[in-house]
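*Asks:* need a 3D model of the following:
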Amino acid sequence: MPETTIVWLRRDLRLADNPALHAAAQRGCVIPVYIDEPRTRWSLGAASRYWLHQSLSAFGAALAARGNRLLIRRGVPRAVLTELVAETGATAVYWNRRYEPDGIACDTALKESLAAACTVRSFNGHLLFEPPRIATAAGTPFRVFTPFSRACLAQDPPPQPLPEPARMAPPPMALSGATLEDLELEPDIDWAAEIRNTWQFGEAAAIARLDDYIEQALAGYALSRDYPAQAGVSCLSPYLAHGEISVRTAWHAVQAAIVAAGVAVEDAARAWLRQLLWREFAYHLLYHFPHSVDAPLREAFAGMAWVEDPHDLRAWTRGMTGFPLVDAGMRELWHTGYMHNRVRMVAASLLCKQLGMNWLAGARWFWDTLVDADLANNTLGWQWVAGCGADAAPYFRIFNPLTQSRKFDADGAYIRNWVAELAALDGDAVHRPPASVMDYPRPLVDLAVAREAALARYAAIKR
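*Replies:* Okay, here's the model as predicted:
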């Protein structure tokens with residue numbers, strides 16, 4: 001007799017290379033379910049919730065085209081899944097593992113509670129190398145990226161991605177559930193028009209973006225990745241964050257491009273793959289140091305004298321700091337849910353170092369406004385810039401937004417695209433606007449004075 005398996009979907013809304021879904025389809029009937037869980041301190045922010053709505057819609061349509069459906073239920077996962085097992089007679093519950101502290105605690109307790117009623121299995125559907133597999137020679141977690149990346153590359157290569165299940169038989173009974181609209185993931189006031197215009201959503205869009213990037217831009221990645229006005233980066237991060245494409249699919253597709261094109265793309269491709277290893281490193285740290293989501297990994301920074309200035313914080317969030325490159329990035333983020341990584345670093349440095357504010361204030365803003373918000377990456381990135389995390393930027397590395405602007409947006413194309421007040425300026429004026437530009441703010445701080453103040457604060461921590 002075919003068995004019925006419940007597949008609990010989280011941030012893995014795809015058919016291809018979905019280990020839990022693939023294994024369930026081999027047993028018999030499959031009940032794919034998404035559970036709208038009670039909100040926690042790091043529940044998805046507004047931009048990610050908007051993306052999730054589109055992702056669930058696309059995934060539901062993909063399931064329907066294959067004769068199945070996405071069941072949506074609401075509540076505490078333990079209660080929802082226990083009830084669903086009893087209702088359907090399912091003999092197994094499968095899911096792909098998650099690594100956030102709250103998620104690990106929930107899943108561990110759930111395995112124990114369901115074990116008496118059915119088989120419970122979890123799978124690696126999110127990472128290349130799971131955190132328990134990678135350790136130093138002393139058996140401790142890594143805190144520095146380069147030796148971590150070497151340890152990953154010394155492992156057996158990640159398995160090839162699994163194909164889409166050939167068949168996903170639906171359960172024999174009719175099941176009731178919530179509608180996607182019931183989840184209220186989209187905003188009451190439609191602020192997402194530019195996100196809709198910027199992105200395509202779902203697994204098919206993710207695969208198309210990866211294919212197009214490999215064909216058109218991968219070979220230039222090493223040279224173009226730091227220039228926000230150029231199409232040098234893949235912009236796959238939202239699809240990875242929501243699980244619309246697996247990291248193994250991306251990894252092996254780029255490895256295949258190296259084999260096919262050889263030296264023409266090898267250096268650029270390996271530089272791009274290195275970014276996937278940074279993602280792995282972020283999850284390694286989150287898994288081993290779960291407190292770091294809201295506390296500095298380097299304990300000395302617990303006593304850091306951060307500045308509290310609501311006016312400057314609001315100016316930063318709105319792209320009104322008076323530093324054009326930062327303001328362009330913050331406005332790009334506000335409109336599209338995305339910001340180029342080079343500009344993310346400069347904007348974060350301005351907040352934490354020149355303005356002296358707690359990295360958590362920036363992390364929370366990014367969490368709410370990024371469509372690619374990912375707790376591991378967000379935590380690593382902000383602590384790296386602030387100097388309080390693993391492999392952190394040294395305290396004396398303070399990005400100068402003016403220098404960065406002149407270097408990475410020399411002709412001002414990125415700035416003029418996002419800061420309308422400066423669109424008519426030529427030459428160096430776009431990087432250092434004159435006071436005569438009346439509708440653009442003056443800089444929040446004097447960079448030289450702010451640098452010395454930052455060095456003094458960090459020197460006190462160092463002592």
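*Asks:* and the helices in the stretch 351-463 of the chain?
*Replies:* Applying DSSP state H, counting those that start in this stretch to the stretch 351-463 of the chain gives helices spanning 359-369, 375-386, 401-408, 413-418, 447-462.
*Asks:* same list (those) but as a markdown table, adding mean pLDDT, distance to residue 339 and mean neighbour count.
*Replies:* For glycine as for every other residue, the C-beta is placed from the backbone atoms N, C-alpha and C. Shown next, in a markdown table, are those (pLDDT from 0 to 100; distance: least, Cβ to Cβ, whole Å; neighbours: other Cβ atoms under 10 Å):
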| stretch | mean pLDDT | distance to residue 339 | mean neighbour count |
| --- | --- | --- | --- |
| helix 359-369 | 97 | 8 | 21 |
| helix 375-386 | 96 | 11 | 24 |
| helix 401-408 | 98 | 13 | 18 |
| helix 413-418 | 98 | 10 | 20 |
| helix 447-462 | 90 | 21 | 14 |
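*Asks:* JSON lines for those helices, including distance to residue 170?
*Replies:* Shown next, in JSON lines, are those (distance: least, Cβ to Cβ, whole Å):
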{"stretch": "helix 359-369", "distance to residue 170": "36"}
{"stretch": "helix 375-386", "distance to residue 170": "33"}
{"stretch": "helix 401-408", "distance to residue 170": "52"}
{"stretch": "helix 413-418", "distance to residue 170": "47"}
{"stretch": "helix 447-462", "distance to residue 170": "58"}
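*Asks:* closest to residue 207 out of those?
*Replies:* Distance to residue 207, taken as Cβ to Cβ, is lowest for helix 375-386 among these, at 21.4 Å.
*Asks:* just the C-alphas of the closest one, formatted as CSV.
*Replies:* These are the backbone C-alpha positions of helix 375-386, laid out as CSV (Å, rounded to 0.1, in the frame of the first residue of the first chain):
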residue,chain,number,x,y,z
LEU,A,375,19.2,35.8,9.7
ALA,A,376,22.6,34.2,9.3
ASN,A,377,23.8,36.5,6.6
ASN,A,378,22.4,39.6,8.2
THR,A,379,24.0,38.8,11.5
LEU,A,380,27.4,38.0,10.0
GLY,A,381,27.4,41.1,7.8
TRP,A,382,26.5,43.6,10.4
GLN,A,383,28.9,42.2,13.0
TRP,A,384,31.7,42.0,10.4
VAL,A,385,31.3,45.7,9.7
ALA,A,386,30.8,46.7,13.3
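*Asks:* by how many degrees do it and helix 447-462 diverge?
*Replies:* Helix 375-386 runs at 110 degrees relative to helix 447-462, counting by axes from the mean of the first three to the mean of the last three Cα atoms, to 10 degrees.
*Asks:* what is helix 375-386 packed up against?
*Replies:* Secondary-structure packing of helix 375-386 (3 or more Cβ pairs under 8 Å, 6 or more residues apart in numbering; DSSP states H and E): helix 266-288, helix 341-349, helix 359-369.
*Asks:* could you find the closest non-adjacent residue to the residue positioned nearest the centre of the chain?
*Replies:* Geometric centre of the chain, nearest residue: residue 374, 3.3 Å, by Cα atoms, centre = their mean. Nearest non-adjacent residue to residue 374, counting by Cβ to Cβ, 6 or more residues apart in numbering: residue 241, 4.6 Å away.
*Asks:* quick revisit: okay, the residue nearest to the centre of the chain: pLDDT?
*Replies:* Listed pLDDT for residue 374 reads 97.
*Asks:* looking at the helices of the stretch 351-463 of the chain, spot the one closest to residue 433.
*Replies:* Closest of the helices of the stretch 351-463 of the chain to residue 433 is helix 413-418, at 9.5 Å (criterion: Cβ to Cβ).
*Asks:* tell me how far the closest one lies from the chain's centre.
*Replies:* How far helix 413-418 lies from its chain's middle: 24 Å, per Cα atoms, centre = their mean, to the nearest Å.
*Asks:* outside of it, which residues touch it?
*Replies:* When contacts are defined by Cβ atoms under 8 Å, 6 or more residues apart in numbering, helix 413-418 is touched by residues 227-229, 319, 324-325, 327-329, 331-332, 335, 340, 343, 405, 409, 422-423, 425, 430-431.
*Asks:* and if you look at stretch 301-313?
*Replies:* 295-296, 321, 351, 355-358, 361, 386-388, 444, 457, 460-461.
*Asks:* what comes up buried for it?
*Replies:* Neighbour counts over stretch 301-313 (16 or more other Cβ atoms under 10 Å) mark 301, 304, 306, 312-313 as buried.
*Asks:* one more: stretch 88-108?
*Replies:* Buried residues in stretch 88-108 (16+ other Cβ under 10 Å): 88, 90-103, 106-107.
*Asks:* all the strands of the stretch 101-250 of the chain, in order from the start?
*Replies:* Under the criterion DSSP state E, counting those that start in this stretch, the stretch 101-250 of the chain contains strands at 119-123.
*Asks:* which residues of it fall in helices?
*Replies:* 101-114, 145-153, 193-198, 203-216, 221-224, 237-241, 247-261.
*Asks:* which of the ones you listed sits most buried?
*Replies:* Mean neighbour counts were compared across the helices of the stretch 101-250 of the chain using mean count of other Cβ atoms under 10 Å; the top stretch is helix 237-241, at a mean of 24.
*Asks:* same for that helix, what does it pack against?
*Replies:* helix 203-216.
*Asks:* avg pLDDT for the helix it packs on?
*Replies:* pLDDT averaged over helix 203-216 gives 97.
*Asks:* and that helix, what does it pack onto?
*Replies:* Counting contacts by 3+ Cβ pairs under 8 Å, 6+ apart, helix 203-216 packs against helix 46-65, helix 237-241, helix 247-261.
*Asks:* which of those helices sits closest to residue 19?
*Replies:* Judging the helices and strands packed on helix 203-216 by Cβ to Cβ, what sits closest to residue 19 is helix 247-261, at 9.6 Å.
*Asks:* give me the contact list for that closest one.
*Replies:* 16-17, 126-128, 158-161, 207, 210-211, 214, 218-219, 236, 240, 265-266, 269-270, 272-273, 276, 279.
*Asks:* good, wrapping up.
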